[in-house]
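Enquirer: Curious how this folds, go ahead:
(one chain, ligands or ions: 1)
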Amino acid sequence: MKEIYEIGEIPPLGEVPAKMYAQVIRQERFGEPTKAFQIEQIDTPDIKPDEVLVYVMAAGVNYNNVWAALGIPVDVIGARLKKGEKEAFHIGGSDASGIVWQVGNEVSHLKVGDEVVIHCGIWDRNDPWVKAGKDPMFAPSQLIWGYETNWGSFAQYTKVQAHQCLPKPKHLSWEESAAYMLVGATAYRMLHGWPEHKVQKDDIVLVWGGAGGLGSMAIQIVKAAGGIPVAVISGDDKVDYCKKLGAKGTINRKLFNHWGMLPHWKDNESYNKWLQGARAFGKAIWEAVGEKRSPRIVFEHPGEDTVPTSIFVCDTGGMVVICAGTSGYNATIDLRYHWMRQKRFQGSHFANDDQAKGVNDLVCEGKVDPCLAQTFEFKETGTCHQLMRENKHPSGNMAILVNAKKKGLKNLGESK
Ligand code: NAP
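Expert: Numbers count the residues shown, from 1 in each chain. From the prediction side, this is the model:
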């Protein structure tokens with residue numbers, strides 16, 4: 001056996017070379033993604049009894065590794081070194097499709113050669129919370145693979161806990177299969193994971209960033225449940241895209257300028273100006289829906305810029321569910337609307353195994369499309385993250401070919 005194989009050169013099934021190529025971030029390179037990611041040779045990781053080693057065919061691109069490259073808001077390498085881990089580097093990548101290459105001795109439901117997609121929720125199976133059968137996403141040991149942990153999918157091999165693996169949809173290519181799980185499962189939990197506010201038939205759902213990774217999944221998940229998605233976008237070039245996915249209407253946020261933190265309620269002039277903007281935005285939702293109905297669910301992630309408006313336009317008894325603060329972390333709320341209209345402001349973070357399966361089933365049934373917009377070469381890992389950082393990336397999701405070959409060329413597993 002060779003010590004290392006070139007990218008796309010396939011070792012005999014199940015044979016694990018000592019070294020692998022990986023896109024590596026180091027603390028001294030923190031900064032713009034094009035500089036932070038560099039290809040290095042790294043020792044192939046060992047697996048624990050409940051883990052599997054996966055030969056990565058393709059990897060998905062997510063915002064979390066833009067943050068990892070920048071080293072903000074958290075230095076993920078420093079945080080792990082503090083916990084006692086040895087590696088002074090980060091191999092990111094929280095989405096993948098690939099082939100099970102080695103199986104830990106306590107794993108019974110997977111075998112070498114299985115084609116899988118990987119979700120990024122990990123936890124310690126001996127954590128008392130997990131052992132008690134409670135939602136592991138609330139467990140103290142819960143982490144995001146390929147962001148908070150090392151050995152993500154931007155490498156020839158990745159090591160994952162066996163429960164992270166789900167069947168690869170048979171009708172999709174490797175790169176399509178790598179593109180949807182992180183955003184899809186996150187959107188699934190946001191829309192199906194919070195009882196009283198699970199999306200139902202005819203619910204109006206306002207989806208921020210409707211043409212983005214999370215948003216494109218949210219529109220389709222709402223539609224699959226019989227709801228009525230309305231997408232917010234920043235340009236009319238995204239209207240058709242969102243409507244094709246199932247949005248009833250779209251709103252161009254660039255036509256409004258009341259974004260950002262809420263003015264103080266005692267500052268009458270500024271507050272009234274804000275209120276005018278928020279009311280006009282609410283009216284735009286009614287126009288998009290075609291009737292005077294407000295969203296029962298607001299699907300939030302921009303954060304600081306949009307939360308005041310989200311809370312304001314949410315229907316009485318409705319929920320604003322949020323999983324990020326892309327524009328900033330200060331969420332300001334006019335509490336008068338919040339309590340009198342009895343609204344809910346719910347944090348949400350990735351997904352548990354059932355919710356990851358929930359979105360994977362929708363994809364396998366053809367009800368959710370992975371929305372793969374662009375595929376990159378392994379050496380372009382920094383480039384696609386840079387596009388994302390600058391909000392210049394295409395609508396939908398991006399993927400990176402790791403060991404898989406470009407569409408049209410025969411890949412491992414495709415001869416069956
Ligand atoms: P994405 O593909 O870049 O989409 C986000 C969209 O948000 C953009 O396309 C943009 O659309 C819109 N947007 C950006 N800035 C905005 C602003 N100031 N106001 C209103 N809209 C704005 O990213 P994504 O993959 O959907 O991820 C979005 C965020 O969620 C990231 O911060 C990511 O880290 C986080 N996230 C968290 C989790 C979790 O589990 N907690 C999971 C996935 C993602 P327009 O310009 O067209 O409006």
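Enquirer: List phi and psi for the nearest residue to residue 64 once chain neighbours are set aside.
Expert: In this structure, residue 64 finds its nearest non-sequential neighbour in residue 147, 4.2 Å apart by Cβ to Cβ, 6 or more residues apart in numbering. In this view, the C-beta of every residue, glycine as well, is placed from N, C-alpha and C. Dihedral pair for residue 147: phi -140, psi -70, per degrees, to the nearest 10.
Enquirer: Equivalent analysis for the one 5 residues further on, please.
Expert: Backbone torsions of residue 152, given as degrees, to the nearest 10, read phi -80, psi -160.
Enquirer: Name the residues of the host helix or strand of residue 281 that come out as buried.
Expert: Element membership of residue 281, judged by DSSP states H and E, is helix 268-289. For helix 268-289, a neighbour-count test (16 or more other Cβ atoms under 10 Å) marks 274, 277-278, 281-282, 284-286, 288-289 as buried.
Enquirer: related to what we said a few turns ago, need the pLDDT of the residue nearest to residue 64.
Expert: Listed pLDDT for residue 147 reads 98.
Enquirer: where do the helices sit along the stretch 151-300 of the chain?
Expert: Under the criterion DSSP state H, counting those that start in this stretch, the stretch 151-300 of the chain contains helices at 174-177, 181-192, 213-224, 239-245, 268-289.
Enquirer: Would you format the ones you listed as CSV with mean pLDDT and distance to residue 91 included?
Expert: As requested, the helices of the stretch 151-300 of the chain are arranged in CSV below (pLDDT from 0 to 100; distance: least, Cβ to Cβ, whole Å):
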stretch, mean pLDDT, distance to residue 91
helix 174-177, 97, 19
helix 181-192, 98, 16
helix 213-224, 97, 21
helix 239-245, 97, 32
helix 268-289, 98, 42
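Enquirer: Turn these into a markdown table, columns for distance to residue 255.
Expert: As requested, the helices of the stretch 151-300 of the chain are arranged in a markdown table below (distance: least, Cβ to Cβ, whole Å):
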| stretch | distance to residue 255 |
| --- | --- |
| helix 174-177 | 34 |
| helix 181-192 | 25 |
| helix 213-224 | 18 |
| helix 239-245 | 13 |
| helix 268-289 | 8 |
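Enquirer: now those in CSV, with distance to the ligand?
Expert: As requested, these are exported to CSV (distance: least, Cβ to the nearest ligand atom, whole Å):
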stretch, distance to the ligand
helix 174-177, 16
helix 181-192, 4
helix 213-224, 3
helix 239-245, 9
helix 268-289, 11
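Enquirer: ok, and the closest non-adjacent residue to the closest residue to the ligand within the stretch 1-150 of the chain?
Expert: Going by Cβ to the nearest ligand atom, the ligand is nearest to residue 63 of the stretch 1-150 of the chain, at 3.3 Å. Nearest non-adjacent residue to residue 63, counting by Cβ to Cβ, 6+ apart: residue 388, 6.1 Å away.
Enquirer: Neighbours of whichever residue of the stretch 151-300 of the chain sits closest to the ligand, how many?
Expert: Going by Cβ to the nearest ligand atom, the ligand is nearest to residue 212 of the stretch 151-300 of the chain, at 2.1 Å. Neighbour count of residue 212, defined by other Cβ atoms under 10 Å: 27.
Enquirer: now the residue nearest to it when sequence neighbours are not counted: how far from residue 215?
Expert: Of all residues not flanking residue 212 in the chain, residue 395 sits nearest, at 7.4 Å (Cβ to Cβ, 6+ apart). For residue 395, the distance to residue 215 (Cβ to Cβ, to the nearest Å) stands at 9 Å.
Enquirer: Among the two, which residue is more densely surrounded?
Expert: The neighbour count for residue 395 versus residue 215, taken as other Cβ under 10 Å, is higher for residue 215 (28 against 22).
Enquirer: so who does the more buried one touch?
Expert: 207-209, 231, 242, 299 (Cβ atoms under 8 Å, 6 or more residues apart in numbering).
Enquirer: Could you tell me which of the residues you listed belong to strands?
Expert: The members of these that map onto strands under DSSP state E are 207, 231, 299.
Enquirer: Please identify the buried residues of the worst-scoring helix or strand of the chain on mean pLDDT?
Expert: Taking mean pLDDT, DSSP states H and E as the measure, helix 335-340 is the helix or strand of the chain with the lowest mean score, a mean of 94. Of the residues in helix 335-340, those buried by neighbour count under the rule 16+ other Cβ under 10 Å are 337-338.
Enquirer: The very next helix or strand once past it pairs with which strands, parallel or anti?
Expert: Counting by DSSP H and E, the next helix or strand C-terminal to helix 335-340 is strand 344-347. If you go by DSSP bridges, strand 344-347 pairs up with strand 319-322 (parallel).
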